[in-house]
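Enquirer: Structure, please.
(3 chains)
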Amino acid sequence: MFRSLLFIPSNNPSMLQNADIFSADGIIFDLEDSVDISEKDNARNLLMNYFNEGVNYPSLIVLRINPVDTEFFLSDLELLKTKKVKYVLLPKTDNRSLVVLDKYLCLYEKEFKLNEIKIIALTETTNSIIEINQIAKHKRVEGILLGAEDLCSELEINRTNKGEEILFARSKVIYACTANNIIAIDTPNTLIDNEELIRQDCLNAKNLGMKAKTAIHPNQLEIINKVFSPSKNEINWAIKVIKEKNKNVNKGAFSVEGKMIDKPLLMKAEKIINKAKSYHLI
Amino acid sequence: MKESDKTEIIIESVVAVFFYDQIKATIESTLKELDVKNVIVVVEDKGALDYTIKSRLISAIKRMK
Amino acid sequence: MINGVNRFIPDNLNSFKTSDSYLNMKRILINKKEKQFRTVFLNSIESAFDYFKIKSNQCLSFHHHLRNGDSVLQQVCEIVKKRDLRNMHFAPSSIFPSYTNLADLILNENVTNIHTNYINGRVADVIGQGYLKGKLIMNTHGGRARAIESGDLKIDVAFLACPTVDKFGNGTGAFGPSACGTLGYAISDLQYAKKVVLITDNLVDKLDEYQFDGVYVDAVVVVDSIGNSNGIVSGTTKLTKDPIGLKIAKDCANMINHLGLIKNNFSMQTGAGKISLAVVKYIKDIMINNNITGSFASGGITKSYVDLLNKGLFKALYDVQCFDLDAVKSYNINDKHIAMSASKYGNPFEKDPICNQLSFVILGATEIDLDYNVNVTTDSWGNIIGGSGGHADIAYGANVTIIISPLFKSRIPIIKEKVFTVTTPGSDIDILVTERGIAVNPKRKDIQNTLKNSGLPIYTIKELYEIAHSITGVPAKIEHSNRIIGYVEYRDGTYIDCIYQVD
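Expert: Model (predicted):
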């Protein structure tokens, strides 16, 4: 369960050094777009040594590897043997690349005796949006991240803060994730200084059903965490519901704040409490 | 890094006064681990942690090969 | 002998015992200078040397309100060099990187002794390398006022740059082409130096409001320019955007709020460093959200504080120096932006100095040790990079003293077993806030108790010390050299540490 994932370029020692204290719920160590081609080996080495000999680690680690048809793909997967990585973030995910990654993950899990590695699928092409339902059904996929920058590039349209141009893509991701009980993660916002615009973008995503968002700069995390956390009101309501339920254990139905609480609302309340505990809000 | 007829380690660091020995030890143990001999290693350090120094050395060795 | 913070002080000197020792001391006051009812106008700084018969072995003083844009000190240095005056004692309230002429005077032994509160730049390097033939004495802002009023620091001639002066010798820094705001550090010099000359580039007929009373002024020199207003901004008044700095700032503001320190009529002071100013921003949000109005903020005033005053969040600002042009403008037009002298600010012998009225202060440090002693005078290698300024004064006076800093910078941990130089004693430091945890001085059981169940990451300072080492490795210990080149004088006139030559 997480609200925020922060991208960190793996070739940057001062960011690695502080990775465990940023307020993101998870860190994505990136070996792809934020690392220059001539530095891929450097970045991979640095990350390998950081995972082996560093002292403090973020509680949730995601590794963005290079796409399956690059010369870096297999070497990137070697990092799994450090046993620090929980999710692999696969760029340009589609059915085909998912099959390739799955094959090598099976091999590496056997060779390095690893627990099952899960995948977060980065859907950033029109094709990946079209294939999204199958991607969401894949047994390793536990979350889908929308990559709107590349998508809009392919569509040859402008990316805006209001986001009407990505409404369709966002909705596809959200429905596929929700139907398959995995996490819908929103595309990062490229603004760093404008708190109000970032907040609006987060709210747009949340109100459609996104459950988390990626950040490209630590200064975005406070807003992201706030928007994607249950609100004080929601938490108070959920606490009331659970309290009432415990009072009415033998009764089928009960009411809170003048509303009947049926099974779906009860489950909603339980989800809110779980989240609130997870994020140390209660 | 350069090939040579003996191993020599030159360290220029802004924190030399405090960490010279540690930096030298990291370089020496990494060279040993990778069984690399007869090289001149020049380290220009601005306060990197041990795992960073080690990884930059490993990259330099790999690129040299 | 070993003093109250375990530092060696030569036997013939008065050594520091505790920061409360002044309570058992008597205030010593020499006579204020002879009053003047006739202002003499001289046509150059050089003619002031003739008029006052300035010769070798004398003490000249200056203030630093024009900071890195000051040209008065530089011009006086040139004349000393030209006349080859020797064994001079200079007492500028601070020394900035642009004062390079002073470095030459030191190398050439024209100047052999210095009293100051802060040094940075070439002069610091030259002194640190041992070129000052006499000694360097570093005071606090309040302590310098004490030294002057008691006669410990006897000034022959005070050269006081003054942005606007009238025909009666009254002076103000509030406006003029080289306006610099309040002139707090110069008041003791004005009242107790044997002779006082104002140097200005803006002469007017009559000032209705002034900070320098003309009765203390012997002469006025009008020059083309006393300095550059843009040099007042030393690049220290921007908020940090660095995520680690912001985390420290946020945690600090939350902790202060948790301690219940942000309540109606509270008072505060912070340094003007980037992280400190970010804390001010977070405190501002807390004040607005909870409808809190503070009584006053003091300092070192910057735009951040001017904004707080203008928004009605504080009732007044007490200002000993203006760090940026926004502060200068505010001082000129807002009567709630009030000047204070260095004495009123931090002199322990003042009746009710501002520093004693502070609810909390937030300060920086180059080093802090396991006894909570703080160093802001030298860096970890022993190079002089600053000085107390008001640090030791407000650390003593404030109810809660908070140090903020990253846990390590360029691999060097900020927590040491012993700091290289003690500027402020650990008895006056209450809390250390870093990005990896907060440490509370065991002397403050009250604070420890309040923070126990706050959810904040509280550690002992020893634990934070070890956390730093687990990340950086254990740094080698370095020893200072044997040659004493100066002293850190505590605000009560005793010596708290020696300053040693660096190789």
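Enquirer: host element of residue 17?
Expert: This is for chain A. Assessed by DSSP states H and E, A:Gln17 sits inside helix A:13-18.
Enquirer: My question was about chain B, not that one.
Expert: Using DSSP H and E, B:Val17 maps to helix B:16-33.
Enquirer: what about that helix and chain C, any contact?
Expert: Yes: residues of helix B:16-33 are located near chain C by C-beta under 8 Å from any C-beta of the partner chain, namely B:17-22. (Each C-beta comes from the backbone N, C-alpha and C, glycine too.)
Enquirer: And the residue nearest the centre of chain B, how close does it get to chain C?
Expert: Central residue of chain B (C-alpha atoms, centre = their mean): B:Ile27, 3.7 Å from the mean position. Per C-beta to the nearest C-beta, to the nearest Å, B:Ile27 is found 14 Å from chain C.
Enquirer: which residues are in contact with the helix holding B:Val17?
Expert: B:7, B:9, B:11, B:13, B:37, B:39, B:41, B:43, B:45, B:50, B:53-54, B:57-58, C:380-381, C:411-412, C:472-473, C:475-476, C:478 (C-beta atoms under 8 Å, 6 or more residues apart in numbering or on different chains).
Enquirer: how about a cut-off of 7 Å?
Expert: Residues outside helix B:16-33 that contact it (C-beta atoms under 7 Å, 6 or more residues apart in numbering or on different chains): B:7, B:9, B:11, B:13, B:41, B:43, B:45, B:50, B:53-54, B:57-58, C:381, C:411-412, C:473, C:475-476, C:478.
Enquirer: for stretch A:195-202, same thing?
Expert: When contacts are defined by C-beta under 7 Å, 6+ apart, stretch A:195-202 is touched by residues A:161, A:163, A:189, A:191, A:213, A:220, A:223-224, A:227.
Enquirer: What about the residues you listed, which are in strands?
Expert: Secondary structure from DSSP state E places A:Lys213 of the contacts of stretch A:195-202 in strands.
Enquirer: Could you dump the contacts of stretch A:195-202 into TSV with pLDDT and distance to chain B added?
Expert: Below are the contacts of stretch A:195-202 laid out as TSV (pLDDT from 0 to 100; distance: C-beta to the nearest C-beta, whole Å):
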residue	pLDDT	distance to chain B
A:Asn161	95	37
A:Gly163	94	39
A:Asn189	96	30
A:Leu191	92	30
A:Lys213	98	30
A:Gln220	96	26
A:Ile223	96	31
A:Ile224	97	28
A:Val227	97	34
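Enquirer: Now list the buried members of the contacts of stretch A:195-202.
Expert: Buried subset of the contacts of stretch A:195-202 (neighbour count, 16 or more other C-beta atoms under 10 Å in any protein chain shown): A:163, A:189, A:213, A:220, A:223-224, A:227.
Enquirer: Next secondary structure after the helix or strand of chain C with the lowest mean pLDDT?
Expert: When each helix and strand of chain C is scored by mean pLDDT, DSSP states H and E, helix C:325-333 comes last, with a mean of 91. With elements assigned by DSSP H and E, the helix or strand that comes after helix C:325-333 is strand C:337-339.
Enquirer: How far does that next one sit from its chain's centre?
Expert: Mean-position distance between strand C:337-339 and its chain equals 17 Å (C-alpha atoms, centre = their mean, to the nearest Å).
Enquirer: ok, residues contacting that strand?
Expert: Residues outside strand C:337-339 that contact it (C-beta under 7 Å, 6+ apart) are C:182, C:184, C:211, C:309, C:316-319, C:330-331.
Enquirer: Pick out whichever of these sits closest to C:Phe296.
Expert: Nearest to C:Phe296 out of these is C:Ala316 (C-beta to C-beta; 4.5 Å).
Enquirer: just to revisit the earlier point, in the helix holding B:Val17, which residues are buried?
Expert: B:18-19, B:22-23, B:26-27, B:30-31.
Enquirer: again, but for stretch C:55-75
Expert: C:58-73, C:75.
Enquirer: Sort out for me which of those residues are in helices.
Expert: Among these, the members falling in helices are C:72-73, C:75 (criterion: DSSP state H).
Enquirer: Which of the residues you listed sits closest to A:Cys106?
Expert: When those are compared for distance to A:Cys106 (C-beta to C-beta), C:Leu73 wins out at 74.8 Å.
Enquirer: Skip the chain neighbours and tell me the closest residue to the residue of chain B found nearest chain C.
Expert: Residue nearest to chain C within chain B (C-beta to the nearest C-beta): B:Gly47, separated by 3.2 Å. Spatial nearest neighbour of B:Gly47, chain neighbours left out: C:Ser410 (3.2 Å); criterion: C-beta to C-beta, 6 or more residues apart in numbering or on different chains.
Enquirer: My understanding was that that neighbour contacts B:Val15; is that so?
Expert: Yes: using C-beta atoms under 7 Å, C:Ser410 makes contact with B:Val15 at a distance of 6.3 Å.
Enquirer: so what's in contact with these two at the same time?
Expert: Common neighbours of C:Ser410 and B:Val15 (C-beta under 7 Å, 6+ apart) are B:Gly47.
Enquirer: Between the two, point out the one with more neighbours.
Expert: More crowded of C:Ser410 and B:Val15, by other C-beta atoms under 10 Å in any protein chain shown: B:Val15, with 22 against 15.
Enquirer: Those residues of the stretch 101-250 of chain C touching chain A, which are they?
Expert: Selection of the stretch 101-250 of chain C residues close to chain A by C-beta under 7 Å from any C-beta of the partner chain yields C:243-244, C:246-247.
Enquirer: Redo these as a markdown table? Include pLDDT and secondary structure.
Expert: Shown next, in a markdown table, are those (pLDDT from 0 to 100; DSSP: H, G, I helix; E, B strand; the rest coil):
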| residue | pLDDT | secondary structure |
| --- | --- | --- |
| C:Pro243 | 91 | helix |
| C:Ile244 | 94 | helix |
| C:Leu246 | 94 | helix |
| C:Lys247 | 94 | helix |
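Enquirer: Out of those residues, flag the one nearest to C:Ser44.
Expert: C:Leu246 (50.5 Å).
Enquirer: can you pull the contacts of the closest one?
Expert: If you count contacts by C-beta under 7 Å, 6+ apart, C:Leu246 has them with A:219, C:240, C:278.
Enquirer: thought the last one was touching C:Asp242?
Expert: No: with the criterion set as C-beta under 7 Å, C:Ala278 and C:Asp242 do not qualify as a contacting pair; they are 9.2 Å apart.
Enquirer: who's more crowded, the two?
Expert: C:Ala278 (26 against 18).
Enquirer: That one: which element?
Expert: Going by DSSP H and E, C:Ala278 is in helix C:274-289.
Enquirer: Check which helices and strands that helix sits against.
Expert: With contacts defined as 3 or more C-beta pairs under 7 Å, 6 or more residues apart in numbering or on different chains; DSSP states H and E, the packing partners of helix C:274-289 are helix C:243-258, strand C:267-270, helix C:303-310, strand C:400-404.
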